[in-house]
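Student: here you go, sequence then predicted model.
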Amino acid sequence: MKQILLEAEDVKAYYKLGRIFVKAVDGVTLEIFEDEVVGVVGESGCGKTTLSNVLFMNVLKPLILIGGRIVLKVNGVPNEISSLTRDEVKKRFWGKEISIIPQSAMNALMPTIKIESYIKHLAESHRIPEKQLLSKARERFQEVGLDPVWLKRYPFELSGGMKQRAVIAIATILNPKLLIADEPTSALDVVNQKVFLKVLMKLKRHNVIKSILFITHDIATVRQIADRMIIMYAGKIVEISPIEKILERPLHPYSQGLLNSVLTPEPEVKKRGIVVVPGTPPNLIDPPSGCRFHPRCVHVMKICEKEEPILKEIEPGRKVACFLYAEERT
């Protein structure tokens, strides 16, 4: 049985803007197991990036952790990182147990700081001999397809794809168990996207990293690498499923609309064409009552307008938050 690396329970994280709260992550519950790739998919503004920062405990104002628990397991021992400060989590777990490739990773490196300076900083932060970590960095650069000579260069001397691979090397230098990748391929051309994914999966195969949480709006990318898919809508998770099952038969009306809006090579999809989800995402300052998708849903019922559906398992490994499946409880 696979071990849980990270679990979140009823996590709420809002942006506080004066007296206004933007409910970017609102009651999220999920688990990430050892040796899996989980894709998180949803429209822009649904809370994916906020979720990645919260799970990493990179919570800085105006973002505030309102409630819930986040537990990171280290060698089977649970650590409730949501009860710790950002600095405590950074000191104890960042890089070693959990790491992140941030959104716009190509711009994450300061153009006036040589790449090896980041390695030296990591060595100092984690009290690792500098020579030892620089030696490991040279090996990691070769693993991601970069000549170690680039360690002594400035980021502006590297191409976009090379910078992205340099960020992977830095993020995985201490062999973290869990890597969170936030929209890592969005700024890359098709060729560099393919190279990036090959590098990422190679590191996983070689046990440099155990599991990956891959956040993206690109379903075509997720279907190439993921074992499970999480669908987010308006700050909430609406469906969790093994990748094959959700691609074959999405359950939530939003999942159906999202997957139908993507043109893929399958004959039946090409024949059907692209189907657009009606309406627009809600304002997360004042989201709709009940199910947040109900104003756009073609299956809306009276109960959807008043009550909020809970995320529940209706098949082994499949969870959905929708009143269409109210009686299908396992």
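Tutor: Sure, I can see it. Residues are numbered from 1 along each chain as shown.
Student: who's in contact with residue 144?
Tutor: For residue 144, the contact set (Cβ atoms under 8 Å, 6 or more residues apart in numbering) comprises 165-166, 168-169, 199, 203. Bear in mind the C-beta positions are built from the backbone N, C-alpha and C, glycine included.
Student: of those residues, which is the nearest to residue 280?
Tutor: Of all those, residue 280 sits closest to residue 168, with 34.8 Å by Cβ to Cβ.
Student: what kind of secondary structure is that closest one in?
Tutor: Three-state assignment for residue 168 (DSSP: H, G, I helix; E, B strand; the rest coil): helix.
Student: from residue 41, how far off is the nearest residue to it once chain neighbours are set aside?
Tutor: Excluding the flanking residues, the one nearest residue 168 by Cβ to Cβ, 6 or more residues apart in numbering is residue 144, at 5.4 Å. Noted for residue 144: a distance of 25 Å to residue 41, by Cβ to Cβ, to the nearest Å.
Student: what does residue 140 give?
Tutor: For residue 140, the distance to residue 41 - Cβ to Cβ - is 29 Å.
Student: what's the farthest-apart pair in the contacts of residue 144?
Tutor: The distance between the two most remote of those (Cβ to Cβ) is 13.7 Å, for 166 and 203.
Student: in the stretch 51-200 of the chain, which spans are strands?
Tutor: In the stretch 51-200 of the chain, the segments counted as strands under DSSP state E, counting those that start in this stretch are 63-74, 77-80, 98-101, 178-182.
Student: nearest to residue 150, of the ones you listed?
Tutor: Residue 150 lies closest to strand 98-101 among these, at 17.6 Å (Cβ to Cβ).
Student: hang on, the earlier thing: kindly reformat the strands of the stretch 51-200 of the chain as CSV and extend each row with mean neighbour count, distance to residue 262 and mean pLDDT.
Tutor: Formatted as CSV, the strands of the stretch 51-200 of the chain follow (neighbours: other Cβ atoms under 10 Å; distance: least, Cβ to Cβ, whole Å; pLDDT from 0 to 100):
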stretch, mean neighbour count, distance to residue 262, mean pLDDT
strand 63-74, 17, 30, 97
strand 77-80, 12, 37, 97
strand 98-101, 24, 23, 96
strand 178-182, 25, 20, 96
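Student: can I get those strands in TSV including distance to residue 57?
Tutor: Output for the strands of the stretch 51-200 of the chain, formatted as TSV (distance: least, Cβ to Cβ, whole Å):
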stretch	distance to residue 57
strand 63-74	7
strand 77-80	11
strand 98-101	8
strand 178-182	11
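Student: looking at these, spot the one closest to residue 309.
Tutor: Between residue 309 and the strands of the stretch 51-200 of the chain, the tightest spacing by Cβ to Cβ is seen for strand 63-74, at 18.3 Å.
Student: residues making contact with the closest one?
Tutor: 3-16, 24, 27-28, 50, 53-55, 57, 59, 78-83, 93, 97-98, 177-178.
Student: buried subset of those residues?
Tutor: Neighbour counting by 16 or more other Cβ atoms under 10 Å classes 4-8, 11-15, 24, 27-28, 50, 53-55, 57, 59, 79, 81-82, 93, 97-98, 177-178 among the contacts of strand 63-74 as buried.
Student: Three-state assignment for residue 215, please.
Tutor: strand.
Student: wouldn't it be in contact with residue 37 here?
Tutor: No. In this structure, residue 215 is not within contact of residue 37 by Cβ atoms under 8 Å, at 11.5 Å.
Student: out of those two, which sits in the more crowded spot?
Tutor: residue 215 (26 against 23; other Cβ atoms under 10 Å).
Student: quick one: contacts of stretch 103-117?
Tutor: By Cβ under 8 Å, 6+ apart, the list of residues contacting stretch 103-117 from outside reads 49, 52, 102, 118, 134, 137, 150-156, 160, 163-164, 166-167, 170, 182-184, 186-187.
Student: mind listing which of these are in helices?
Tutor: 49, 52, 118, 134, 137, 160, 163-164, 166-167, 170 (DSSP state H).
Student: can you check what angle separates the helix of greatest length in the chain from helix 160-171?
Tutor: Secondary structure of the chain read by DSSP H shows that its longest helix is helix 190-205. For helix 190-205 against helix 160-171, the angle by axes from the mean of the first three to the mean of the last three Cα atoms, to 10 degrees is 20 degrees.
Student: so which elements touch helix 190-205?
Tutor: Where contact means 3 or more Cβ pairs under 8 Å, 6 or more residues apart in numbering; DSSP states H and E, helix 190-205 is packed against helix 130-143, helix 160-171, strand 211-216, helix 219-225.
Student: how about those in a markdown table, adding mean pLDDT and distance to residue 234?
Tutor: Putting these into a markdown table (pLDDT from 0 to 100; distance: least, Cβ to Cβ, whole Å) gives the following:
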| stretch | mean pLDDT | distance to residue 234 |
| --- | --- | --- |
| helix 130-143 | 96 | 38 |
| helix 160-171 | 91 | 29 |
| strand 211-216 | 96 | 16 |
| helix 219-225 | 90 | 18 |
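Student: quick one: which of these is nearest residue 313?
Tutor: Nearest to residue 313 among the helices and strands packed on helix 190-205 is strand 211-216 (20.2 Å), distances taken as Cβ to Cβ.
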